[in-house]
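S.K.: Here's a sequence, model it:
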Amino acid sequence: GGRRALCVFLGSRAGAQPEYIAAAQALGAAMARRGVALVYGGGNVGLMGELARSVDKNGGTVVGIIPHALATRELSGFGVQIENTIFTNSMHDRKAIMASLSSAFVVLPGGFGTMEECVEVITWTQLGIHNKAVGMLNTCGFWSHFHQMFQHAVKEGFISESNLDIVVLEENVDKMLDKILSHVPPAGLTSSWGSLIKDT
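M.R.: Below is the predicted model:
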């Protein structure tokens with residue numbers, strides 16, 4: 001029940017291939033079509049802006065979550081469904097709110113910030129802070145090397161095979177949405193300390 005929302009992490013740049021923008025637009029249209037709200041880091045630049053405008057243009061709901069400190073910076077820009085924007089005091093609050101509002105995560109191409117967010121929410125599922133799938137949209141094979149690193153860590157004994165199931169690597173937008181919206185990731189170690197995140 002309730003309204004479904006996906007938290008999407010993605011670049012504040014547009015990337016070198018036109019396919020990246022096309023993928024962000026396609027994801028936005030597909031989410032709006034399915035009635036799935038977008039929760040993202042606010043801003044109207046790069047892939048973030050393309051995605052937010054696409055959800056909005058197709059009649060979907062956009063919830064940007066942005067720290068006060070970034071809201072004044074031109075690089076973030078904002079203005080997509082500004083009435084739904086939530087301002088936070090810190091990056092940590094931003095992440096905790098983004099996670100709590102969403103039933104799963106999607107990661108599009110991006111830089112260090114996007115990679116860090118991706119790995120962090122995988123880790124939160126692994127630890128049992130939440131139990132949510134992470135879909136990596138593998139446009140132009142962007143995430144293939146990153147995912148190979150995960151597999152290497154499994155092979156070398158640092159990540160358990162079952163924890164790799166938290167991640168769904170998929171190039172097709174609709175297939176990925178189908179998978180993560182129905183995906184049940186492996187249970188984490190414990191759910192008793194989810195309050196560590198929620199109460200901050």
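S.K.: Spell out the residue ranges of the strands in the protein.
M.R.: 5-9, 37-40, 62-67, 86-88, 104-107, 134-137, 167-170 (DSSP state E).
S.K.: Now the last one: average pLDDT?
M.R.: The one in question is strand 167-170. Averaging pLDDT along strand 167-170 gives 97.
S.K.: which helices and strands sit right next to it?
M.R.: strand 134-137, helix 144-155, helix 173-182 (3 or more C-beta pairs under 8 Å, 6 or more residues apart in numbering; DSSP states H and E). To be clear about C-beta, it is placed using only N, CA and C from the backbone, and glycine gets the same treatment.
S.K.: Can you give me the buried ones in the last one?
M.R.: Pointing back at helix 173-182 there. By 16 or more other C-beta atoms under 10 Å, the buried positions in helix 173-182 come out as Val173, Met176, Leu177, Lys179, Ile180.
S.K.: mind listing the helices for the protein?
M.R.: 18-34, 46-57, 68-71, 91-100, 112-127, 144-155, 173-182, 195-198 (DSSP state H).
S.K.: returning to that earlier point: could I get the helices and strands packed on strand 167-170 in CSV, plus columns for mean pLDDT and distance to Phe87?
M.R.: Below are the helices and strands packed on strand 167-170 laid out as CSV (pLDDT from 0 to 100; distance: least, C-beta to C-beta, whole Å):
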stretch, mean pLDDT, distance to Phe87
strand 134-137, 98, 26
helix 144-155, 98, 31
helix 173-182, 96, 28
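S.K.: Now tabulate those in TSV and tack on distance to Val121.
M.R.: Putting the helices and strands packed on strand 167-170 into TSV (distance: least, C-beta to C-beta, whole Å) gives the following:
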stretch	distance to Val121
strand 134-137	6
helix 144-155	14
helix 173-182	12
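S.K.: Pro109 is nearest to which of these?
M.R.: Nearest of the helices and strands packed on strand 167-170 to Pro109, taken as C-beta to C-beta: strand 134-137 at 7.7 Å.
S.K.: ok, back up a step: please identify the most buried of the helices of the chain.
M.R.: helix 46-57 (a mean of 23; mean count of other C-beta atoms under 10 Å).
S.K.: what's in contact with it?
M.R.: 8, 10-15, 20-21, 24-29, 31-32, 37-38, 40-44, 61-62, 64, 77, 80-81, 108-110 (C-beta atoms under 8 Å, 6 or more residues apart in numbering).
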